[in-house]
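**Student:** What would the 3D arrangement of this be:
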Amino acid sequence: MLPGHSAPAAGFEAPFEMLATCHERVERMLALMARLQQHLLDKACDESARQAARDVMRYFDLAAPLHHQDEELHVFPPLLAGPDVALRALVQRLVQDHRQMEIAWTEARRTLLAVAESPASGWTPLTAAQTGALTEFAVLYRQHLDDENNTAYPAAQATLSPDAVEAMSEDMMQRRGVPAAAVKPPIAGKIGV
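**Tutor:** Residues are numbered from 1 along each chain as shown. The predicted structure follows:
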C-alpha cells in the first residue's frame with residue numbers, strides 16, 4: 001500500500017509559515033509520486049496506485065497554483081523592487097520556474113491521470129516518456145523550493161512591514177474563500193495548504 005500524506009498545520013495568521021508548510025506538502029507529494037513509480041514497477045497498477053495518483057493531482061491542481069499566486073503577489077514584488085541585483089535575478093528565475101512548472105505539470109498530470117483512470121486489468125507500464133515527465137516535474141520543483149526557502153522567503157520576511165504581512169494574510173484567505181473569523185484569534189483553527 002502507498003501511504004499518502006498528512007497535512008501539516010499552519011494558519012493564515014502566519015503567512016510565511018503557511019508558505020513553508022506548503023513547501024513541505026510539495027516535498028511529500030513529490031515523494032509520493034516517486035513511491036508511486038516504484039509501486040507501479042513492483043506491483044503494477046492497483047487501487048493504492050490509482051489513489052496516490054489522484055492525491056498528487058489534487059494537490060498540484062488546487063493548492064500549488066494558489067501557492068504560486070501567493071508568492072507572485074506578495075513575496076516576489078518587494079524583492080524585485082529592491083536594490084539587490086542578484087536577488088532580483090533570482091526572483092525573475094523563480095517566476096520563470098513557475099511558468100516552466102505549469103508546462104511540465106501538463107505532461108506529468110497526463111501520466112498521473114492515466115494511472116488514476118487505469119482499468120483493474122490490462123495495466124500497461126509507464127513509458128520512458130511518461131516516467132520522464134514525472135521526473136522533469138520533480139526536478140524543476142526541488143531547486144525552486146531550495147531557492148525560495150533559503151533565499152527568497154528570508155529576504156521577503158526581512159523586507160515586508162507588519163501591515164504588508166497582514167495584507168498578505170488577508171489576501172491569501174480571500175482568494176481561498178476563508179472568512180477572516182476563521183483565524184481570529186491566532187490560536188484558532190489551523191488551515192494547511
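**Student:** Number of residues surrounding Leu41?
**Tutor:** 11 (other CB atoms under 10 Å). Where C-beta positions appear, they are placed from N, C-alpha and C, glycine not excepted.
**Student:** now Pro154
**Tutor:** With other CB under 10 Å as criterion, Pro154 counts 12.
**Student:** moving C-terminal of the top helix by length along the chain, what's the next helix or strand?
**Tutor:** What stands out as the longest helix in the chain, according to DSSP state H, is helix 85-116. Next in sequence after helix 85-116, counting helices and strands by DSSP states H and E, comes helix 128-147.
**Student:** and the angle from that next one to helix 85-116?
**Tutor:** For helix 128-147 against helix 85-116, the angle by axes from the mean of the first three to the mean of the last three CA atoms, to 10 degrees is 140 degrees.
**Student:** Please list the residues outside helix 128-147 that contact it.
**Tutor:** 23, 26-27, 30, 33-34, 37, 90, 93-94, 97, 100-101, 104-105, 107-108, 110-112, 114, 126 (CB atoms under 8 Å, 6 or more residues apart in numbering).
**Student:** Got a ChimeraX select line for the buried ones in those?
**Tutor:** Buried subset of the contacts of helix 128-147, written as a ChimeraX selection, criterion 16 or more other CB atoms under 10 Å:
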select :23,26,30,33,37,90,94,97,101,104,105,107,108,111,112,114,126
